[in-house]
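Asker: With the sequence up front, the predicted model follows.
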Amino acid sequence: SRGLGDVYKRQQLVIHLKSCIRFDFVSLHATKKKRAMNNGKTIFSQIMSNIPEREFKACVDRYKGNYRSRNFTCKDQFLVMSYAQLTNRGGLRDIENCLTALSSRLYHCGISYAVPRNTLAKANEKRDWRIYADFAQVLVKKVRPLYAKDDFRLDLDNMVYAFDSSTISLCLKLCPWAKFRKHKGGIKMHTLLDLRGNLPVSVYLTEASVHDVKALDYLYIEPSAIYLMDKGYVDFYRLFHLIHEKNAFFVTRAKDNMRFDITACCEVDKSTGVIADEKIKLIGLRTSQWYPEEIRMVTYEDYATNNVYRFLTNNMEYEALTISELYRERWNVELFFKWIKQHLHIKSFYGTSENAIYLQIWIAVYTYLLLALTKKKMHMNQSLHTISKNVGLFLTDKTPINELFNKTVPEKESTDYYMPSLFGPEDF
């Protein structure tokens, strides 16, 4: 009986071991299957998760954007257009073919379906571009505080803005509403750039024939802020009434035909490049009435190019060299225009109507702000150019976006202080 008991125990042990082996095999298979499914968000979804849904719905409702829309809402339109921006699609047919090829992955990107090009073209034509213009202002308020403490090359407590415009050329035959010259069409993009983070605070779109100086009328002037502009914005009436009387400061360049008398001179260190620091009074028939007070004029010579510049400002406190260096920072807005034309798709357009082109530009600006927000939230050290250039290749991958870019070799610390903080020296 003892032998029979041992045999029985052995049989039970073998059965138990078989069941354990089978359980471990099933568990291992389930684990592998779970890993293969990868329940994480796609790169595109991680970027778009920063969209404030409540504010977006308020902007859509304000202009009745979803009126009589069944399947393709404003949110779907924005996601498709942003995807086209980031992947650098060349046209509506290219967008349709790309979405069709990735139809099995669109759900994980938040896109409902592969939208036909006719549906997208109709939406771009009919839906009010002001939806995305208002929405961009909402995101600006969320992004600016994240960059408020970024290093600024000059040790100043004042807010510093650069204001300039860029002309976007259009085919006059396809866009007759955008008449610029006899055989050329275009629109102007007037941009106010916050130099602490290089973020577009205000963007105004006008016909290309509108003079730059008229865009000053749309600006909200902050007291104690400094506004950097080129000589195209020298209108002494506007500089005095719009900026000086509101206790703000301007730095611009003097025109060659400006008439003035020198009222006072200050000593300067010519080894720094500053030739003269003078207070002047305008003596022109109209300019003397438009700007009745004294203006400070700083003359600076760039020894590298032997060019001489005359800067005008109403700030009497900063050192002359600081005024010269402030104007140098104005170049950041030129880099912004170059960046947004190269890396966001506004060189060629997906429509020809005024609404479709304005809508695409505003979505490009908003995509820029989303990338800037993602850069800060995900603590990515790479420049915005590096992120935008490569993120389009991995939009459908389910990898944390910060891990995707942190695996790369860290960028060398730049000593080029003329570059904005969102860019690197190799970006342009």
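Answerer: Cool, the structure landed. It should be emphasised that the depicted structure is a prediction, and the values quoted were computed from it without experimental measurement.

Asker: how deep is residue 51 tucked in, by neighbour count?
Answerer: 19 (other C-beta atoms under 10 Å). In this view, the C-beta of every residue, glycine as well, is placed from N, C-alpha and C.

Asker: Ignore what I typed, I meant residue 271.
Answerer: Number of residues near residue 271 (other C-beta under 10 Å) recorded here: 7.

Asker: One more: the one 5 residues further on?
Answerer: With neighbours defined by other C-beta under 10 Å, the count for residue 276 comes to 16.

Asker: Burial check on residue 327, number of neighbours?
Answerer: Taking other C-beta under 10 Å as the criterion, the count of residues near residue 327 is 21.

Asker: Kindly apply the preceding question to residue 173 instead.
Answerer: If you count neighbours by other C-beta under 10 Å, residue 173 ends up with 9.

Asker: give me the element it is part of.
Answerer: Taking DSSP states H and E as the definition, one finds residue 173 inside no helix or strand.

Asker: Let me know the distance separating it from residue 183.
Answerer: Distance of residue 173 to residue 183, computed by C-beta to C-beta, to the nearest Å: 9 Å.

Asker: do residue 277 as well
Answerer: Taking C-beta to C-beta, one finds residue 277 at 47 Å from residue 183.

Asker: quick one, which of these two is more surrounded?
Answerer: Of the pair residue 277 and residue 183, residue 277 is the one with more neighbours under other C-beta under 10 Å, namely 21 against 7.

Asker: shouldn't that one be in contact with residue 268?
Answerer: Yes - if you go by C-beta atoms under 8 Å, residue 277 and residue 268 touch, sitting 5.0 Å apart.

Asker: Now for those two: what residues contact both?
Answerer: residue 320 (C-beta atoms under 8 Å, 6 or more residues apart in numbering).

Asker: so how many other residues sit close to the residue lying closest to residue 247 once chain neighbours are set aside?
Answerer: Leaving aside its chain neighbours, residue 247 sits nearest to residue 223 (4.5 Å; criterion: C-beta to C-beta, 6 or more residues apart in numbering). The burial count assigned to residue 223 is 10, neighbours taken as other C-beta under 10 Å.

Asker: My impression was that residue 223 belongs to a strand - is that right?
Answerer: No - counting by DSSP: H, G, I helix; E, B strand; the rest coil, residue 223 falls outside a strand, being coil.

Asker: which residue ranges form the strands in the stretch 151-300 of the chain?
Answerer: Under the criterion DSSP state E, counting those that start in this stretch, strands of the stretch 151-300 of the chain are mapped to 160-170, 179-181, 184-194, 199-207, 226-228, 249-253, 260-266, 274-282, 295-302.

Asker: mean pLDDT lowest for which of those?
Answerer: Among the strands of the stretch 151-300 of the chain, strand 179-181 carries the lowest mean pLDDT, at a mean of 84.

Asker: related to what we said a few turns ago, the residue nearest to residue 247 is in contact with residue 243, isn't it?
Answerer: No - assessed by C-beta under 8 Å, residue 223 is found out of contact with residue 243, at 10.2 Å.

Asker: Quick check: nearest residue in space to residue 128, chain neighbours excluded?
Answerer: In this structure, residue 128 finds its nearest non-sequential neighbour in residue 63, 4.2 Å apart by C-beta to C-beta, 6+ apart.

Asker: measure the one you found to residue 132 for me?
Answerer: Using C-beta to C-beta, we find residue 63 at a distance of 10 Å from residue 132.

Asker: Okay, buried residues for stretch 111-118 please.
Answerer: By 16 or more other C-beta atoms under 10 Å, the buried positions in stretch 111-118 come out as 111, 114-115, 117.

Asker: Check stretch 368-379 too.
Answerer: Buried positions in stretch 368-379, judged by neighbour count with 16+ other C-beta under 10 Å: 368-375, 378.

Asker: Out of those, which comes closest to residue 43?
Answerer: Closest approach to residue 43 among the buried residues of stretch 368-379 (C-beta to C-beta): residue 374, at 9.7 Å.

Asker: Next up, phi/psi of the closest one, please.
Answerer: Main-chain torsions, residue 374, degrees, to the nearest 10: phi -60, psi -40.

Asker: nearest spatial neighbour of it, skipping sequence neighbours?
Answerer: The spatial neighbour of residue 374 that comes closest, neighbours along the chain excluded (C-beta to C-beta, 6+ apart), is residue 47 at 5.2 Å.

Asker: what about residue 63 and residue 132, which has more around it?
Answerer: Neighbours were counted for residue 63 and for residue 132 using other C-beta under 10 Å; residue 132 has more, 27 against 17.

Asker: my guess is the more buried one is in a strand, correct?
Answerer: No - the assignment for residue 132, made by three-state DSSP, is helix rather than a strand.

Asker: Now it: closest residue in space that isn't a chain neighbour?
Answerer: Using C-beta to C-beta, 6+ apart, the closest residue to residue 132 is residue 362 (4.0 Å).
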